[in-house]
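Novice: coordinates only, sequence not included:
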C-alpha cells in the first residue's frame, strides 16, 4: 500500500524534500503546495514515523514527568499544568511513578541519558548526591521541583519549588495564634529533604514564641491515610496531650479525621487541625480542612516553561521560588 513520502511526492509531483517540509512543518512550503500534500497524505492515511524523525533530527518531542505516586491527588493539578504547556508547544508528556524509590529515580534518569526523551521534570522527596549526580551525567535538560543548594553554574538542571519551611511556619503560627500549646507534627521520614525543610519551619515558629520543642511530638505518617491513622492512634493511646496537629497532606488528614471520629475526639474543639496541599480533599470532609496551598498547578506550569527554555538553547540557570498561602477553614477555627 502506498503510504510513504516518496508515494506522496509521486502523486503530487513535488520533490520528496518539499513533501517532507510540508509534513513536518519545518522549512518553507507554500500554502498551496502544503494543502495539496496534506490532502494526499490524508487520503493515503500517512502516519508520521516518530522514531525515524527522532533519529534524523535529534529530538523526540517527548518529555518525562517523574512523580513519586501516580495515585496521589496532590500531583493531579501539577500534571495538568505541565501537560497544558507542553501540548501547546508540540510535546508529549510521559508519566513515570518512582514510588519514592531512589533506584527507580536513577533508572529513569538513565533513559534520559539514552535520549529516550528530550528532557525531564522530576519530583522527589529527597534530591541527594546520587540522583543529582545522575542528572548531571545525563547532560540533558531537567527541572527539579525542590531547592538544591549545591547547584553549579554549568549544571543542566533548573529548580522550581514552593517554600516548605515557610509553609510550616504559617501552619504553626496559625495554631499558636489559636491558643494551641501542645502542637504535634505528622510528616514523612525525618531523613527526607521535604520533611527536614518543614521541620525547620516548625522549630523556628516554636522558638519565636518561646515554646518547648519536644521531638516526641514529631511523627512519621508516611504521607498516607492508613499510616497517619495508626501513627496518631498510637500517639494518643500513649497518653499524649495535644491540642494542635499539623499533617503532611490532606490525604493523611483524612486518616486523622477518621481516627478522631472513632475515638470521640472533636475537631476543632479538642484538637485544631491543619494540613498541607489544599486539594479537593480539604473541601470534601467535615469539618473542612485548613490547609497550606502549595500551588501545584503553577509548579507544573512554570516547570514546563523553564524546561522549554532549556530546550530552546538557554544555558544559564533559571530557578523559581514561590510562597505558599494558608487557607483557613473549619478544622482550626
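Specialist: Looks like it arrived, so ask away. Remember, predicted model here, so these are calculated numbers, not experimental data. Numbering: from 1, shown residues only.
Novice: Looking at strand pairing, list the partners for the spatially closest residue to residue 218 that is not a sequence neighbour.
Specialist: Counting by CB to CB, 6 or more residues apart in numbering, residue 218 lies nearest to residue 185, which is 5.2 Å off, once chain neighbours are set aside. For every residue, glycine as well, the C-beta is placed using N, CA and C. Note on residue 185: beta-bridge partners by DSSP bridges are residue 218, residue 246.
Novice: Also residue 292?
Specialist: In beta-bridge terms (that is, DSSP bridges), residue 292 pairs with residue 276, residue 326.
Novice: count of neighbours near it?
Specialist: Using other CB atoms under 10 Å, residue 292 has 28 neighbouring residues.
Novice: for the chain, what spans make up the strands?
Specialist: Applying DSSP state E to the chain gives strands spanning 62-67, 92-97, 119-122, 142-144, 157-162, 183-187, 218-220, 244-247, 272-276, 290-293, 320-322, 325-327.
Novice: Run me through the strand neighbours of the second one, direction for each.
Specialist: Here strand 92-97 has these sheet partners by DSSP bridges: strand 62-67 (parallel).
Novice: Domain-wise, how is this protein divided?
Specialist: Following automatic domain parsing, one finds the domains of the chain at 5-48, 60-163+296-324, 164-293+327-332.
Novice: Surely the residue nearest to residue 218 and residue 216 touch.
Specialist: No: if you go by CB atoms under 8 Å, residue 185 and residue 216 don't touch, sitting 11.0 Å apart.
Novice: hmm, back to that, which of the domains of the chain has the lowest average pLDDT?
Specialist: Ranked by mean pLDDT, the domains of the chain end with domain 5-48 at the bottom, a mean of 84.
Novice: I'd like the distance from it to the chain centre, please.
Specialist: Offset of domain 5-48 from its chain centre (CA atoms, centre = their mean, to the nearest Å): 40 Å.
Novice: Compare residue 185 and residue 216 and say which is more crowded by neighbours.
Specialist: The residue with more neighbours, out of residue 185 and residue 216, is residue 185; 25 against 9, by other CB under 10 Å.
Novice: Now do the contacts for the more buried one.
Specialist: 168, 198, 199, 202, 217, 218, 219, 245, 246 (CB atoms under 8 Å, 6 or more residues apart in numbering).
Novice: and if we set it to 6 Å?
Specialist: Neighbouring residues of residue 185 by CB atoms under 6 Å, 6 or more residues apart in numbering: 202, 218, 246.
Novice: ranges for the helices of the stretch 101-250 of the chain?
Specialist: Applying DSSP state H, counting those that start in this stretch to the stretch 101-250 of the chain gives helices spanning 102-113, 129-138, 164-177, 193-208, 225-237, 250-263.
Novice: give me every residue that touches residue 319.
Specialist: Residue 319 neighbours (CB under 6 Å, 6+ apart): 158, 159.
Novice: Kindly recompute the last result at 7 Å.
Specialist: 158, 159, 160 (CB atoms under 7 Å, 6 or more residues apart in numbering).
Novice: now the last one: how far from residue 312?
Specialist: Separation of residue 160 from residue 312 (CB to CB, to the nearest Å): 17 Å.
Novice: Of these two, which one has the most company?
Specialist: Each of residue 160 and residue 312 has its neighbours counted (other CB under 10 Å); residue 160 has more, 25 against 9.
Novice: ok, now how distant is the residue nearest to residue 4 when sequence neighbours are not counted from residue 37?
Specialist: Spatially, and ignoring its direct neighbours in sequence, residue 4 is nearest to residue 46 (7.5 Å; CB to CB, 6+ apart). Relative to residue 37, residue 46 is positioned 9 Å away (CB to CB).
Novice: before we move on, what about residue 14?
Specialist: Taking CB to CB, one finds residue 14 at 7 Å from residue 37.
Novice: Which of these two has more residues huddled nearby?
Specialist: The neighbour comparison of residue 14 against residue 37 (other CB under 10 Å) goes to residue 37, with 24 against 20.
Novice: contacting residues around the more buried one?
Specialist: Per CB under 7 Å, 6+ apart, neighbours of residue 37: 8, 12, 14, 19, 22, 23.
Novice: mind listing what residue 217 touches?
Specialist: Counting by CB under 7 Å, 6+ apart, residue 217 touches 184, 185.
Novice: can you put the contacts of residue 319 in TSV and add distance to residue 290?
Specialist: Compiled in TSV, the contacts of residue 319 are given as follows (distance: CB to CB, whole Å):
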residue	distance to residue 290
158	32
159	28
160	25
